[in-house]
Structure formats: structure tokens, C-alpha cells
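>>> Following is a predicted model, sequence given first.
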Number of protein chains: 2
Amino acid sequence: MSLPQLSESTEMYLKAMVELGLSNVVSIGRLAERLNVTPVSANEMVRRLGDQGLLTHTPYKGVSLTDRGREAACDVVRRQRLWEVFLYEHLHIEWAKLYELACSLEHATAPEVTEALAAFLGDPKFCPRGNPIPAADGSFQPLDGRPLSTASVGETVEVLAINATTTDVLKYLQERGILPGQTIRVLEAAPLQGPLTLKVGEKEVALGLSLAEFVIVKK
Amino acid sequence: MSLPQLSESTEMYLKAMVELGLSNVVSIGRLAERLNVTPVSANEMVRRLGDQGLLTHTPYKGVSLTDRGREAACDVVRRQRLWEVFLYEHLHIEWAKLYELACSLEHATAPEVTEALAAFLGDPKFCPRGNPIPAADGSFQPLDGRPLSTASVGETVEVLAINATTTDVLKYLQERGILPGQTIRVLEAAPLQGPLTLKVGEKEVALGLSLAEFVIVKK
DNA sequence: TGGAATAATAAGGTTAACCATAACATTTTG
DNA sequence: CAAAATGTTATGGTTAACCTTATTATTCCA
């Protein structure tokens, strides 16, 4: 059961894999971008994680988690999201900062603390950003949603979750009312990868496509 | 106010300085022992902390905290002990494991989390091991106690706090009923640094001198 | 006062996780 | 299909915080 103790860096790579789609093949470039390291560094690190049997890398194609990697990754994500719940519901920490603050705690959390925390919180199923929390047994039901960036003009959709992690992006979305539960209508999509124009509540909001990728809406 | 971000290792050295007596001059050997590193490593590290202005080192005498170091150290200890309270009172984690588990969390705790946690816990003044929790403003009132190892035969004392940190030592003491609040009578002290014989509750307990150093009793 | 214990310093080694630059391979796209 | 974009590999460099071994300095104590 207990894996041979993963480094903080390893955990970040695993978490990124889940956040970029648990079962997707992810390019090293995307991984590098999300983790804010150079592609060369990500390459190196991916080789290391590969050696540990946590993921497989098909050159020029991308990376995907092994079964062991998936298990470890879910555990990391579980800790991350449980802490988000705690920080939000009990410590009343600002929504946009949850990810960042929970992230540091996550790496420092022993299994017995994770489970005691889950019990304390009443086994929550979702984090405040709307993302599902993997169960203690490793089972994980990803959201059945798609990025807002793929919505067509005229569609009305409901926000399920925000997949962003950095405080500034989260703050930006929050300020525009783009939060889980919100209903959004796509008014216009500018050509050439231009921004979307959205109706969010009473307001009209322009949102760049790359930001819209972080907004997961109901299928 | 906010210091330039201390490394985990730095925090451990600062914390050890507080635990070995906030205002004491501590030998590098003692420091090395408590931190489980070689004296050579501790020496190196002390030089680095000295360069950062956190402590001063008088060769062949020992190390003591500067004002800045004391402030930083109290902050670290505050976080440590607040987490101990949380883990104990809300997550019902085993008493002997509190230090170790809180220690990891401590390093990962941002100032706003610390203060929100303190508020959540109701600004506790003591950790479950009986040690005082430094206040948010940096003020810190060390216990007015002394190690049980300095008690004389025939004395009856009350345990104020346990200053040990490792799970095995804490478990050992707990199993023998040596916990904050307990009253202890010193029945005998063997010669040549031999063990103390104690009356703890109904039981007679033999306790090595080095373990008795971890038990802080009322003056 | 002299030897033991303790402390300091020097020199060199290790590890994880990054970095840059450059050369080369493959894939995508216009 | 060729050029641009993306990915890979090689080489060498950095940092923090340890390690070992060996030498030298100081302090303590009997």
C-alpha cells in the first residue's frame, strides 16, 4: 500500500497529471508549462518518474500515468483538496488562495492525518473549486465536463469547476463571477483564438480562450 | 515584519534553539545531537544562519539567537504548537505522534493560515505537551520550570511539560504515565548518572537521566 | 599541568531538482 | 512537401544541505 515516499517535486508532477486529465496523454510541453519549469527539466524529471514506475513516456507523443502513478496521484490530489475544504470552511481563507495554501500543506501530510482530516470534514466529495475529491480507497470519478473554451456561441452552460491553480488566475475569474454553480451564456467567440464574450449573471464578460480552458462546464 | 522566507532546515535549527532554552547559549554539539546531524554539518549550518543574522556563534562557547532569530524562532514554534493542538483536539491524533506530524505541517504554513488557525482554535496558550505557544505579536513566556533530572530525592513535583520531540520518546514517557499535570515523587537517584526511581501515580518507574531531562517540572 | 573531550576548520563528495545552450529528431501545418 | 513548431538529448553549471575523514585548536578536569 504505502509507496516509498515521494518527493515534493514528484507530487507536483503527479498532481499536474491529474489536473490535466487523469487518463490523458499529456505532452511534456504542457506539463512543463503548468509546473513552471523548462521543457528540458520536465523531460529529465519525467525520465526519473518513469524509472520509478509512476508514468510512461512515449517520445514525441506524451506522458501518461501508470496504475501505480494513478494511485499515488489520487492520494496527492485527495490531500490537496481536503485541505482546501478545511481552509475554506473552517479557517475562512480567501477562495482564490486556497489552492496555493493547500498545496504546501498537502506535501506535509501523513496518511493518518489525511484520513483524520477527511473524517473531521465529514468526507466531503468536492473541493471549493468544484473538483471531486478522490476517495480513501483510491477510487476517483473525474467530472463529466468540458472546458468552456469548447463551448459554441449561443450555448448556455453551468460551471462545474475551476481547474486553475494560481492565485492570480483564480482571483481574476472570481472577480468576474465565474465560479462553480454559475450559469454562463456564450454570446460571441472572436475569430483567431480571440476571447469569448460571456453573459455571467447580469454582466457581460470578455474571457481569453486560455483562461476559458480552466473553466469546466457541464457537458 | 515578514522575514525573507526561511528554509525548512533553517526553521528546524531555530526551533531547536527555542526547545533547548530560548535564551541559553547552546553548544553546537547539543544542537547537532537534537537535529540528528553531525557536528561538522551543524557548524556549517550555524555559519549560514549567522550570515543571515539569525544567531551568533562564539567559537568554543556556543550559539545564541539574535533578536531577529528569536522572532523568527517564536513564529516557527507558534505554528508547530498550534498544529499540535489542532491535530490533538480536532483530529484526535495519537499524543506521541503530535510533534512529528505537526512539524511537517509547520514548515508549510503561511502566516495567514497560522493566524486563522489560531483563531479557529480559540487562541490556545499551551500545546498538548504542555509547552507555551508564543503569541502572534512574538511575545513568549517560557515555562518557569526545570528538568526532572535536577530534582532531588524525596521531592514531589508536578509535570508542567514534556520537551521531547521524537515519537518513540514521547510514547515511552506516555506509557509510564509521565504526562503534563502528573505528580511525581522522586524515590531514589542511582549514582554515576544512573536512573531515577519515581513514584508516578500508583506505579514505580525507573527513568534514565537523559530522559528525565525532557520532563519539565514546576520549580 | 597534561591528557581527554569537545569544537573548529579544511577538503572533497553526494543528491535532487532545477538552469542554459546547442544540436538533432519528429511532427504538424500552410 | 518544406518550414515551423515541438520534442529530445547532450553537456555543463548551480544550490542547499547534508556526508566523511583528517587536522588543528581550545577547554575542561583529575
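On my side now, so go ahead.
>>> Output the longest helix belonging to chain A.
Assignment by DSSP state H gives helix A:67-89 as the longest helix of chain A.
>>> Please state the offset of it from the chain centre?
With C-alpha atoms, centre = their mean, to the nearest Å as the basis, helix A:67-89 stands 10 Å off its chain's centre.
>>> Which other helices and strands does it contact?
With contacts taken as 3 or more C-beta pairs under 8 Å, 6 or more residues apart in numbering or on different chains; DSSP states H and E, helix A:67-89 sits against helix A:8-19, helix A:98-107, helix A:111-121. (Each C-beta comes from the backbone N, C-alpha and C, glycine too.)
>>> now the second one against helix B:67-89, angle please.
Using axes from the mean of the first three to the mean of the last three C-alpha atoms, to 10 degrees, the interaxial angle of helix A:98-107 with respect to helix B:67-89 works out to 80 degrees.
>>> and helix A:98-107, does that touch chain B?
Yes. Helix A:98-107 comes into contact with chain B (C-beta under 8 Å from any C-beta of the partner chain), by way of A:Leu101, A:Ser104, A:Leu105, A:His107.
>>> Now do that helix: everything it contacts.
A:8, A:11, A:76, A:79-81, A:83-84, A:87-88, A:93, A:127-129, A:164-167, A:170, B:105, B:108-110, B:112-113 (C-beta atoms under 8 Å, 6 or more residues apart in numbering or on different chains).
>>> What's the ChimeraX line that selects buried ones from these?
Buried members of the contacts of helix A:98-107, defined by 16 or more other C-beta atoms under 10 Å in any protein chain shown, are picked up in ChimeraX with:
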select /A:11,76,79,80,81,83,84,87,88,93,127,128,129,164,165,167,170 /B:105,108,109,110,113
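>>> Filtering the contacts of helix A:98-107 by proximity to DNA strand C, which remain?
Filtering those for proximity to DNA strand C (criterion: C-beta under 7 Å from any atom of the strand) leaves A:Glu8.
>>> Tell me how far A:Thr165 lies from A:Arg81.
12 Å (C-beta to C-beta, to the nearest Å).
>>> Revised request: answer the last question for A:Met12.
15 Å.
>>> Next, format the helices and strands packed on helix A:67-89 as TSV and append distance to B:Gly177 and mean pLDDT.
Formatted as TSV, the helices and strands packed on helix A:67-89 follow (distance: least, C-beta to C-beta, whole Å; pLDDT from 0 to 100):
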stretch	distance to B:Gly177	mean pLDDT
helix A:8-19	39	96
helix A:98-107	34	96
helix A:111-121	24	97
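>>> can you list those in a markdown table and add distance to DNA strand D?
Output for the helices and strands packed on helix A:67-89, formatted as a markdown table (distance: least, C-beta to the nearest atom of the strand, whole Å):
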| stretch | distance to DNA strand D |
| --- | --- |
| helix A:8-19 | 12 |
| helix A:98-107 | 16 |
| helix A:111-121 | 23 |
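>>> can I get these in a markdown table with distance to A:Gln52?
What follows is those, written out as a markdown table (distance: least, C-beta to C-beta, whole Å):
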| stretch | distance to A:Gln52 |
| --- | --- |
| helix A:8-19 | 8 |
| helix A:98-107 | 17 |
| helix A:111-121 | 19 |
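>>> so after the helix or strand of chain A with the lowest mean pLDDT, what's the next helix or strand?
One helix or strand of chain A scores below all others by mean pLDDT, DSSP states H and E: helix A:209-212, with a mean of 90. Counting by DSSP states H and E, the element after helix A:209-212 in chain order, helix or strand, is strand A:215-218.
>>> What strands line up against that following strand, and which way round?
If you go by DSSP bridges, strand A:215-218 pairs up with strand A:145-147 (antiparallel), strand A:156-162 (antiparallel).
>>> Contacts for the last one, please.
If you take C-beta under 8 Å, 6+ apart as the criterion, strand A:156-162 is touched by A:126, A:129-131, A:143, A:145, A:148, A:151, A:170, A:173, A:178-186, A:214-218.
>>> try 6 Å
A:129-131, A:143, A:145, A:151, A:180, A:182-185, A:214-218 (C-beta atoms under 6 Å, 6 or more residues apart in numbering or on different chains).
>>> Show me which pair in the residues you listed is furthest apart.
Pairwise distances across the contacts of strand A:156-162 (C-beta to C-beta) peak at 23.4 Å, for the pair A:Asn131 and A:Arg185.
>>> Those two: who's more crowded?
Using other C-beta atoms under 10 Å in any protein chain shown, the more surrounded residue of A:Asn131 and A:Arg185 is A:Asn131, with 23 against 15.
>>> quick check: domain ranges of chain A?
Using automatic domain parsing, the domain parsing of chain A gives A:8-69, A:145-218.
>>> any chance of those in JSON lines, plus distance to B:Glu158?
Below are the domains of chain A laid out as JSON lines (distance: least, C-beta to C-beta, whole Å):
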{"stretch": "domain A:8-69", "distance to B:Glu158": "42"}
{"stretch": "domain A:145-218", "distance to B:Glu158": "48"}
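>>> quick one: which of those domains is nearest B:Lys199?
Nearest to B:Lys199, of the domains of chain A and by C-beta to C-beta, is domain A:8-69 at 47.4 Å.
>>> how far does the closest one sit from the chain's center?
Computed by C-alpha atoms, centre = their mean, the chain-centroid distance of domain A:8-69 equals 14 Å.
>>> Likewise for stretch A:158-175?
That offset, for stretch A:158-175, works out to 10 Å (C-alpha atoms, centre = their mean).
>>> Perfect, that will be all.
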